[in-house]
Structure formats: C-alpha cells, structure tokens
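In: The sequence and its predicted three-dimensional model are supplied below.
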Amino acid sequence: MALPRAILFDLDDTLIRAYAQPEEAWRRLLGTFAAPLEAHDAPAIEKVRVAVMDEARTLWTDQATAAKWRLDIPGARRLTTRRALSRLGYDDEALADRIADAFTEMRRLEYRLYPDAHATVDALRQAGVRLALVTNGSSEIQRAKIARFDLEHRFHHIQIEGEFGQGKPELAVYRHALEKLGCEACDAWMVGDNYEWEVVAPQKLGMCGIWYDPLDMGVPETATAKPTHVIKRLGELIESS
C-alpha cells in the first residue's frame, strides 16, 4: 500500500506497551498482596482479580464516565479496586488504595517502547509523511511517557486529550489533528490498537483505519467495521509501502 500524506498514531499499546494483558498483570500484582487479602491460593487470588476487572469494565463501558476518568487513571483504579474489595466483603479502603497504587506503579515501571517504533516513525517522517501523535489521557501522564521514550521531536503535531479538551472517539479529535497536519481525511491513516478509536471512528471521516494487533487477537467478533489493514508490527507500515 502506498504511503499516505499523513498518519495519526495512537500512543498507549501502539508505540509503547502500556496496558496490554491486564489479566496477567493483575494476577501477578495481587499475588504480592496475598497476606493482607487472606488469599492464600490461586483460586482466591483469581476471585479478587475477577472482581477488580469486572468493576473496571463497568466503569470504562460508560462513555461519559470513561471520558472523566481517563484524565485520572490512578484515581479510577482506586475507585474500582475499592468497589471490588467492598463487593467481596473487605472493609478496608486503605488496602484497596495500596493495591491500586501498586498496580499503577508496576505498570509505569513496565512501560516499554515497541522495538520498531522509533525506526518506523523516523522512516515515515524521512519519507515525507506528516505525523501526529493523538492520545487520550491526562497531560501530565502522557507528556511524561512522550519524554521518557524520546517521541516529541518525531511528530509534527502532538495532541493529548487533557490539553485539547476532547478525546477519541470524538470526531473533532481527528479533524483537529488533520487540520494541524494540513491534510484531508481521505489522504490520512489512523494507526492504533483500539478498534473503536483507531478503526471505526476514523473511517467515519473517510480515513484509513490501520489496526495494530501485536498480540494477534483477531478482529473483535462485535466489530461493526472492517479495518483497512491489520498489522502485527509497526514496521509493516514501511515494508508494505
């Protein structure tokens, strides 16, 4: 496929591995709290994990609620962990907060740049493609990631939900980024791991939705749109051009 005039990239779990495989991460973290949770075997840990992730799923399913809490991920984790432990009969908000904060810190320490991220972005820019980084989340947290992984100078435009005032999948988000790049939707791609945000919404504007699927999960069964392309490595964007 020929390269477009512009590409909008997602950040989390696209350029950096940030929140992938939450089941494994929560199971591992909760194991370190086995004693205060009085969860001394795998089934007991699993019971807590399921409750925590169920509460998180409930919170993030509501779009208005999600838009609020995306700007305070640590706070959202505290809230859902408190609710989960309360549901299981624990009356200890301090313990819930310790668990939630430990998970937040574990995730932060384990952020990793995907191996071909820099090389791919640099090659695209050298080829003359206009590049934007479009990410949901708070300014403080996302700017820290951008600095940590040396991304800022690689993009012509960086757009963060907490700074712009709206996040994906609001169509105004993509329109604004395209305007900043001086490009029409029909000449642009959106690349990312979130099916709704990086395939469905961009395609409504006439953009190509390139779905990044490094864990080979496959197109969701509930998908209402087909991605323009599916890639498992970022380098495929260059190799196929």
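Out: Cool, the structure landed.
In: Where do the helices of this structure begin and end?
Out: Secondary structure of the chain (DSSP state H): helices at 22-31, 34-37, 42-61, 63-69, 73-87, 93-110, 117-126, 139-148, 161-164, 171-181, 195, 201-204, 236-239.
In: Run through who's touching the fifth one.
Out: What that stands for is helix 73-87. 48, 51-52, 54-56, 58-59, 69-70, 92-93, 95-97, 99-101, 103-104, 137-138, 141 (C-beta atoms under 8 Å, 6 or more residues apart in numbering). The C-beta positions use only the backbone N, C-alpha and C, and glycine is treated the same way.
In: and what of the second one?
Out: Applying C-beta under 8 Å, 6+ apart, the external contacts of helix 34-37 come out as 30, 40, 44-45, 48, 90, 92, 95.
In: Likewise for the last one?
Out: Taking C-beta under 8 Å, 6+ apart as the criterion, the residues outside helix 236-239 that touch it are 3, 7, 120, 123-124, 127, 191, 210, 231.
In: If we use 7 Å, what do you get?
Out: With contact meaning C-beta atoms under 7 Å, 6 or more residues apart in numbering, helix 236-239 is reached by 120, 123-124, 191, 231.
In: Break the chain into its domains for me.
Out: Using automatic domain parsing, the domain parsing of the chain gives 6-18+113-239, 22-110.
In: okay, the ones you listed in TSV with mean pLDDT and mean neighbour count next?
Out: Shown next, in TSV, are the domains of the chain (pLDDT from 0 to 100; neighbours: other C-beta atoms under 10 Å):
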stretch	mean pLDDT	mean neighbour count
domain 6-18+113-239	96	18
domain 22-110	96	16
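In: Throw the helices of the chain into JSON lines and include distance to F155, thanks.
Out: What follows is these, written out as JSON lines (distance: least, C-beta to C-beta, whole Å):
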{"stretch": "helix 22-31", "distance to F155": "27"}
{"stretch": "helix 34-37", "distance to F155": "43"}
{"stretch": "helix 42-61", "distance to F155": "27"}
{"stretch": "helix 63-69", "distance to F155": "24"}
{"stretch": "helix 73-87", "distance to F155": "22"}
{"stretch": "helix 93-110", "distance to F155": "22"}
{"stretch": "helix 117-126", "distance to F155": "8"}
{"stretch": "helix 139-148", "distance to F155": "9"}
{"stretch": "helix 161-164", "distance to F155": "14"}
{"stretch": "helix 171-181", "distance to F155": "10"}
{"stretch": "helix 195", "distance to F155": "23"}
{"stretch": "helix 201-204", "distance to F155": "17"}
{"stretch": "helix 236-239", "distance to F155": "15"}
